[in-house]
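Chemist: would you be able to build a 3D model of this:
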Amino acid sequence: MNCFVTGASGFIGANLVHELVARKHHVLALLRPGSDPRGLREVEFERVEGDVSDKAKLKEAMYGCDWCFHVAASYHLWLRDYRPMYAANVQGTQNVIEAAGAAGCSRIVYTSTVGCIGLPKPIDGHINPSDESTPVREEQMTNHYKRSKWQAEQVAIKLARDGMPVIIVNPTAPVGPRDAKPTPTGKVIVDFLNLQMPAYLDTGLNWVHVRDVAVGHILAAEKGCVGERYILGNAQGNWTMKEAFAVLEKITGVRAPKWQIPYWVALGAAYADEAISLVTRQPPKAPLAGVRMAKYKMFFNPAKAIRELGLPQTPPKRALADAAEWFRQNGYVK
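Modeler: Have a look, this model is predicted:
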């Protein structure tokens, strides 16, 4: 297949390009000038310079493509001005999907986030992981990133209802190789390896190997139902931060932090940090949006993607080990 990939220099996008090429697909990768190329080393693809704001150029570049993977997104938990993020995530999504439809793509896979799915609810002290049917409203989108992605997902859903061949995937917390920037989740591992993680919050994530997420995108194009959402996660990956650090300690030999920060302490520090950022104009080390999200254990159930797509289930321990090894080999550990 001829495949068009936006966000190809990002963490998921770069791994998707590698997996597509490994399966003998031809890849056209949309890259902005100056994009970080580290995740795309040692893979053959055709470069298309541009961004998601130019619908005419997108349509021209996609002509002759069979599949479109819209992975690009503006992911920031703190900005002085959030309008460019809404433009990229919401209007950009509409531009890409409409251009792909006009260019004749038979499958359009849109990369959303589990942040657009309802939060898990405790039942008798046990957290019941959310799935695609868990109800959620826009009012529950508690920061600009989640709200912009929610609005973008609504655009994708509407265009699917209007006849566009759109399938939506919602990755959980991917870790693994080629996290060049790195992502906020990858930064947790880098800080751990560099002994810069003295304490942790009582939070949790669904940890999944980024390779499984990349393969899940391809499976969605091959087998996904138009208009449906699929959580790309790991059925055994719902770990608290404490549990994840314990596994990292066994893998790496680096001692895990033992002190759990009370939520109210972290929240107060985040308010102070953002107040300082208003003066310095530098991003806060602990954005308020990130601390607020950490109040909840983001546990999810990927059974639908496993059942309907055949989503791979690499053990989360292997995902953390592969991430730690890649960071070490690429100079992130000082």
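Chemist: state the pLDDT value of the closest residue to Ala180 other than its chain neighbours.
Modeler: Spatial nearest neighbour of Ala180, excluding adjacent residues (Cβ to Cβ, 6 or more residues apart in numbering): Arg38 at 4.1 Å. All C-beta atoms are positioned from the backbone trio N, CA, C, and that covers glycine. Model confidence at Arg38, given as pLDDT, is 89.
Chemist: surely Arg38 meets Asn330?
Modeler: Yes - between Arg38 and Asn330 there is a contact under Cβ atoms under 8 Å: 7.5 Å.
Chemist: just the helices from this protein, written as ranges.
Modeler: Under the criterion DSSP state H, the chain contains helices at 11-22, 55-62, 83-86, 92-103, 144-161, 184-193, 210-223, 241-252, 263-280, 288-293, 303-309, 316-329.
Chemist: could I get those helices in TSV, plus columns for mean pLDDT and distance to Gly115?
Modeler: Formatted as TSV, the helices of the chain follow (pLDDT from 0 to 100; distance: least, Cβ to Cβ, whole Å):
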stretch	mean pLDDT	distance to Gly115
helix 11-22	97	14
helix 55-62	92	25
helix 83-86	94	14
helix 92-103	96	15
helix 144-161	95	4
helix 184-193	93	12
helix 210-223	98	15
helix 241-252	96	17
helix 263-280	79	18
helix 288-293	74	8
helix 303-309	98	17
helix 316-329	97	20
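Chemist: same list, the ones you listed, but as JSON lines with mean neighbour count please.
Modeler: JSON lines is the format used below for these (neighbours: other Cβ atoms under 10 Å):
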{"stretch": "helix 11-22", "mean neighbour count": "24"}
{"stretch": "helix 55-62", "mean neighbour count": "18"}
{"stretch": "helix 83-86", "mean neighbour count": "14"}
{"stretch": "helix 92-103", "mean neighbour count": "23"}
{"stretch": "helix 144-161", "mean neighbour count": "20"}
{"stretch": "helix 184-193", "mean neighbour count": "19"}
{"stretch": "helix 210-223", "mean neighbour count": "24"}
{"stretch": "helix 241-252", "mean neighbour count": "18"}
{"stretch": "helix 263-280", "mean neighbour count": "14"}
{"stretch": "helix 288-293", "mean neighbour count": "20"}
{"stretch": "helix 303-309", "mean neighbour count": "18"}
{"stretch": "helix 316-329", "mean neighbour count": "19"}
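Chemist: quick one: which of the ones you listed is nearest Pro177?
Modeler: Using Cβ to Cβ as the criterion, the shortest distance between Pro177 and the helices of the chain is 3.9 Å, found for helix 316-329.
Chemist: name the helices or strands packed onto the closest one?
Modeler: Counting contacts by 3 or more Cβ pairs under 8 Å, 6 or more residues apart in numbering; DSSP states H and E, helix 316-329 packs against strand 173-175, helix 184-193, strand 204-209, helix 241-252.
Chemist: list the contacts of the longest one.
Modeler: Right, the one you point to is helix 241-252. With contact meaning Cβ atoms under 8 Å, 6 or more residues apart in numbering, helix 241-252 is reached by 188-189, 192-193, 197, 200-205, 207, 239, 254-257, 260, 316-317, 320-321, 324.
Chemist: switch the cut-off to 6 Å
Modeler: Residues external to helix 241-252 that are found in contact with it (Cβ atoms under 6 Å, 6 or more residues apart in numbering): Phe192, Tyr200, Thr203, Ala256, Lys317, Leu320, Ala321, Ala324.
Chemist: who are the contact partners of the fourth one?
Modeler: Translated: Ala256. With contacts defined as Cβ under 6 Å, 6+ apart, Ala256 is in contact with Phe245, Ala246, Glu249.
Chemist: so which of the helices and strands packed on helix 316-329 comes closest to Ile97?
Modeler: Comparing the helices and strands packed on helix 316-329 by Cβ to Cβ, strand 173-175 comes nearest, at 22.7 Å.
Chemist: so what secondary structure elements neighbour the closest one?
Modeler: Contacting strand 173-175 under the criterion 3 or more Cβ pairs under 6 Å, 6 or more residues apart in numbering; DSSP states H and E are the following elements: strand 204-209.
Chemist: re earlier: among the helices and strands packed on helix 316-329, which comes closest to Trp78?
Modeler: The stretch from the helices and strands packed on helix 316-329 with the least distance to Trp78 (Cβ to Cβ) is helix 184-193; that distance is 11.2 Å.
Chemist: for the closest one, list the C-alpha coordinates in CSV.
Modeler: Listed next in CSV are the C-alpha coordinates belonging to helix 184-193 (Å, rounded to 0.1, in the frame of the first residue of the first chain):
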residue,chain,number,x,y,z
PRO,A,184,6.2,13.1,29.0
THR,A,185,6.0,9.4,29.8
GLY,A,186,9.5,8.8,28.4
LYS,A,187,10.8,11.7,30.4
VAL,A,188,9.7,9.9,33.5
ILE,A,189,12.0,7.0,32.5
VAL,A,190,14.8,9.3,31.6
ASP,A,191,14.6,11.1,35.0
PHE,A,192,14.4,7.8,36.8
LEU,A,193,17.6,6.6,35.0
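Chemist: many thanks, I have nothing further to ask.
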